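*Asks:* quick one, fold the following:
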Amino acid sequence: MGGLGDFLKKRWGVVILLLGILAWASDVIGPGIFILVAALAVLYFLFQAPLRCIAMGRQGRCRNNAQGLLRGCWIREHKWQGLKALRGAGGNAQGPHAALMQDRQQMSATLGVAVGVISAIVACADFIFK
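*Replies:* Alright, predicted model coming up:
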């Protein structure tokens, strides 16, 4: 029976990123803490977010469940195929755009990584120049 606990267990990176942005915007936390929050959120999207595997197979992309943008599914050959797809390596690779924009899950995880990185850069600039 789902609930808030299951949601938070699967999507904790999204929650801490949103709460971190809100807390930093209202001056509850400083830029140092926010850099840590953004880094944790980026690591969540890269290695733990529940997504589909993006490894290329004989019949197109694998549709098994995976963990994060860089990791693959349970199939041994797919373990780090996400990283290889982002580099554009391999014979059938279509480049990073095809891997990151496969469906809404990949697009939202890519957006989460981008928001986390941009937030960390802004917090670093705030930390340095204040």
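*Asks:* would you agree Leu69 falls within a helix?
*Replies:* No: assigned with DSSP: H, G, I helix; E, B strand; the rest coil, Leu69 falls outside any helix and is coil.
*Asks:* mind listing the strands for this protein?
*Replies:* 50-52, 56-57, 60-61, 65-67 (DSSP state E).
*Asks:* show me which residues of the first one are buried.
*Replies:* By 16 or more other CB atoms under 10 Å, the buried positions in strand 50-52 come out as Leu51, Arg52. C-beta here means a position set from N, CA and C on the backbone, and glycine is covered the same way.
*Asks:* cool, and the last one?
*Replies:* Using 16+ other CB under 10 Å as the test for burial, strand 65-67 gives Ala66, Gln67.
*Asks:* now it: average pLDDT?
*Replies:* Mean pLDDT, strand 65-67: 89.
*Asks:* what's next to it, contact-wise?
*Replies:* Phe47, Gln48, Ala49, Pro50, Leu51, Arg52, Cys53, Ile54, Gly72, Cys73, His78, Gly82 (CB atoms under 8 Å, 6 or more residues apart in numbering).
*Asks:* redo that, cut-off 10 Å
*Replies:* Strand 65-67 is contacted by residues 46-55, 72-75, 78-79, 81-82, 105 when judged by CB atoms under 10 Å, 6 or more residues apart in numbering.
*Asks:* sheet partners, orientation included, of that strand?
*Replies:* When sheet partners are counted by DSSP bridges, strand 65-67 sits next to strand 50-52 (antiparallel).
*Asks:* average pLDDT across the strand it pairs with?
*Replies:* 88.
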